[in-house]
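[1] when you get a sec, could you give me coordinates for this:
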Amino acid sequence: MYVVDDEWRRRYPRKMAGVIICVACSRKHEDICRTPDGDYVRGHILVTPALVTRGLPASRSDIDLCSHLLYPATQRAAVQAEPESGIAQGAKEYLAALSADPRCSAAARSRIDRAFADVARRR
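    Predicted structure coming up:
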């Protein structure tokens, strides 16, 4: 699994319910980020803000969609790290059970509960 940034969602709005994708899906798309003149394609979203928001090093260039694979993770780790995406992509019951589990860390519970609140607020 990979966690991707909003450039994937911009390019594939009907295919992307969240930001967690499988490795096979990531290999199907090699769209470039720049035109032959060196300008970014129209509407391009830079990867750096997504990296910085997640506390990751902002040392990447936007070359193609592989530049927008933020980090690899197991499905469980991706859903726990990106719970709002997990909710949108069908892991609502898993996240609710995890949040209710007394062994769940306070940080994970806070992230999960905030995601549920954000989703409810947008409805």
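[2] remind me which residues of the chain are low pLDDT?
    The chain contains no residues with pLDDT under 70.
[3] ranges for the helices of it?
    Applying DSSP state H to the chain gives helices spanning 6-11, 23-27, 48-53, 75-81, 83-88, 92-100, 106-122.
[4] so which of the ones you listed is the most packed in?
    helix 83-88 (a mean of 22; mean count of other Cβ atoms under 10 Å). (Each C-beta comes from the backbone N, C-alpha and C, glycine too.)
[5] residues in contact with that one?
    Outside of helix 83-88, the residues within contact range by Cβ atoms under 8 Å, 6 or more residues apart in numbering are 3, 17-20, 78-80, 91-92, 94-95, 111-112, 114-116, 118-119.
[6] then stretch 52-63?
    In contact with stretch 52-63 (Cβ under 8 Å, 6+ apart) are residues 7, 32-34, 40, 44, 46-48, 51, 67-68, 70-71.
[7] need the buried ones from the residues you listed selected in ChimeraX.
    In ChimeraX, a selection of the buried entries from the contacts of stretch 52-63 looks like this (16 or more other Cβ atoms under 10 Å):
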select :7,33,44,46,47,48,51,67,68,70
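[8] so can I have JSON lines of the contacts of stretch 52-63 showing distance to R123?
    Below are these laid out as JSON lines (distance: Cβ to Cβ, whole Å):
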{"residue": "E7", "distance to R123": "26"}
{"residue": "I32", "distance to R123": "37"}
{"residue": "C33", "distance to R123": "34"}
{"residue": "R34", "distance to R123": "38"}
{"residue": "Y40", "distance to R123": "34"}
{"residue": "H44", "distance to R123": "30"}
{"residue": "L46", "distance to R123": "30"}
{"residue": "V47", "distance to R123": "29"}
{"residue": "T48", "distance to R123": "31"}
{"residue": "L51", "distance to R123": "29"}
{"residue": "S67", "distance to R123": "33"}
{"residue": "H68", "distance to R123": "28"}
{"residue": "L70", "distance to R123": "27"}
{"residue": "Y71", "distance to R123": "29"}
